[in-house]
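> sequence? don't have it. structure:
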């Protein structure tokens, strides 16, 4: 073969190699994937169609056929390039992703059919994908039209299954006094900028022990039914039901600002959409404590406990008191347990016990200790014995009452002084009986003043004052008719005096339950009248904020709520030590209201 023919053959080989390389470079991969295969009804999910190939500068849009049972909410694209050196040669691989936002609109099995793509004259096709559509999780989220931060013309973000308020109770059937742990959390698959309570949690029918309350969002990742959420704990409480029957934890609502990405080059910061998330109510079945076989030593304890006791000394002199300490430990409603009753002992004076508790919540369980310290004063000399102390409680696991015992306890007393007799004085001692009054024996000489009489000036001033009072009373009467807040404030002092008098009369009649109810109404009614507030429609936090806005000092607010809390404790848990002295509570209420 001639040299020219050889060159022509080599050139043809190079052309064929280049064409083969170009043909290989034209080959692409076209795949489909979803971020979850089980979705909630109305819940958003993503379908991603990916086109990947070497030296691919761009890719045409694929064709997605209509899918019965699914709505296409929108589409976006993204592109990435991977460059590498393999065997000294440069390799460039590009991927173009077409991202579809979709939502399910019917329950059951739904199949996404294959999507098609034509690239450089060749048609490609993805595999079909099967989805399972189930009911959406608890809690509903709804956009708030006209709320601040909502940009007009922007499509509403799909919320179902992507943002909800979770309220969970540790148990749904309990006995009276048995603790229930309640957790409130916000679940989201969006970026939350800020938020706050729209309807504060209220727990009517329960004695509440606050465990945790968030002051800012702290999200952590959790996977629920194959889906990943950002979860922020908002509140955690322990509830103690106070009466039998079905009691409902009412729905609560939370406002959240959901961040939305920018859809325009002129919208550099993006925007947010305000939404309201409502929880579902939870019904708790509260069983009554059995009346049969209830021991006389039962003091309200529900749970599982142990009891220990000791005397702080074995001997005492000169009437010094000894202290009997009882320590109750375990899990349950420790704060609601009353002190045990000690039998009267001749020669000893047993005082009201000092009560202390140390309670904490661990993994939804209330545990800790409660101590009772009884001061005992000997009234004479000798050896004394305090009989065995018994405390009974109800065990929900075994559904029966159980008894705990400690003692007996003994000590010796010597040198105890008897009470001194009370001396009473009677009669009056008149001082100064030896002094005679000095009486004038001369006739006083009268004098006549040359000054004008004073009474015309006094009458003029009195008439001016009368006119001023009439004008002021007329303005006062008109304002009473037109200004509700002024009218309530004007009558607040008279009303609270009347209510306090009624409470005092109930206390004299030994109607402590009625007394505490009337005293609580007096305090809340005075706050409502004084500051024109509807206290019955406000939560504790809202009322605290309203009082702070009206320049009521924080210690005064705490004292007011302390009075109301002690009244509620006395009404629903009469044995609680905090409300044991109603006279002091009455004085505290009167003093704190006088300081407003």
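Great, that's in hand. Fair warning: this is a prediction, and the values are worked out from it, not measured in the lab.
> Name the helix or strand for residue 296, please.
Per DSSP states H and E, residue 296 falls between elements, in no helix or strand.
> What helix or strand is residue 560 located in?
Counting by DSSP H and E, residue 560 is found in helix 554-572.
> Spell out which residues make up each domain of the protein.
Domain ranges of the chain: 26-134, 140-287, 298-414, 479-594, per automatic domain parsing.
> For residue 487, what are phi and psi?
phi -60, psi -40 (degrees, to the nearest 10).
> any idea how far it is from residue 68?
Using CB to CB, to the nearest Å, residue 487 is found at 65 Å from residue 68. (C-beta placed from N, C-alpha, C; glycine too.)
> who's more crowded, those two?
More crowded of residue 487 and residue 68, by other CB atoms under 10 Å: residue 487, with 16 against 9.
> Can you read off the pLDDT for that one?
You'll see residue 487 listed with a pLDDT of 74.
> Please report how far it lies from residue 532.
9 Å.
> Please apply the same query to residue 217.
As for residue 217, its distance to residue 532 is 34 Å (criterion: CB to CB).
> And the biggest helix by length in the chain, what does it pack against?
As assigned by DSSP state H, the longest helix anywhere in the chain is helix 455-482. If contacts are counted by 3 or more CB pairs under 8 Å, 6 or more residues apart in numbering; DSSP states H and E, helix 455-482 sits against helix 484-508.
> Buried residues, the helix it packs on. List them.
Under the neighbour-count criterion of 16 or more other CB atoms under 10 Å, helix 484-508 has 487, 488, 492, 495, 496, 499, 500, 502, 503, 504, 506, 507 buried.
> now swap in stretch 195-212 and tell me
The neighbour-count check on stretch 195-212 (16+ other CB under 10 Å) flags 195, 197, 201, 203, 205, 206, 207, 209, 211 as buried.
> what pairs with the host helix or strand of the last one, and is each one parallel or antiparallel?
Assigned by DSSP H and E, residue 211 falls within strand 206-213. Applying DSSP bridges, strand 206-213 is found paired with strand 227-241 (antiparallel).
> okay but residue 512 is in contact with residue 583, surely?
No. Assessed by CB atoms under 8 Å, residue 512 is found out of contact with residue 583, at 10.8 Å.
> what is the spatially most central residue of the chain paired to in the beta sheet?
Nearest to the geometric centre of the chain sits residue 235, at 5.1 Å (CA atoms, centre = their mean). Beta bridges link residue 235 to residue 184, residue 213, judged by DSSP bridges.
> Pretty sure it sits against residue 215.
No. With contacts counted by CB under 8 Å, residue 235 stays clear of residue 215, the gap being 11.0 Å.
> Show me the shaky parts of the stretch 351-500 of the chain.
363-364, 417-452, 476, 478-483 (pLDDT under 70).
> Of all pairs in the buried residues of stretch 195-212, which one is the farthest apart?
With CB to CB as the measure, no two of the buried residues of stretch 195-212 lie farther apart than 195 and 207, at 28.5 Å.
> Which residues does residue 361 form beta bridges with?
Residues in beta-bridge contact with residue 361 (DSSP bridges): residue 366.
> let me fix that: residue 392
residue 298, residue 403.
> Pull the number of nearby residues for it.
With neighbours defined by other CB under 10 Å, the count for residue 392 comes to 17.
> ok, now residue 521?
Neighbours around residue 521, by other CB under 10 Å: 17.
> if I look at it, how far off is residue 496?
In this view, residue 521 and residue 496 are 10 Å apart by CB to CB.
> go on, residue 125?
In terms of CB to CB, residue 125 sits 81 Å off from residue 496.
> just residue 339 next, same as before
As judged by CB to CB, residue 339 and residue 496 stand 34 Å apart.
> And residue 455, by the same measure?
When residue 455 is compared with residue 496 (using CB to CB), they lie 42 Å apart.
> Just the angle for the strand holding residue 211 relative to helix 554-572, thanks.
For strand 206-213 against helix 554-572, the angle between stretch directions is 140 degrees (axes from the mean of the first three to the mean of the last three CA atoms, to 10 degrees).
> What mean pLDDT does strand 206-213 get?
85.
> got any ranges where the stretch 201-350 of the chain has weak pLDDT?
In the stretch 201-350 of the chain (pLDDT under 70), the answer is 260-272.
> All set now, cheers.
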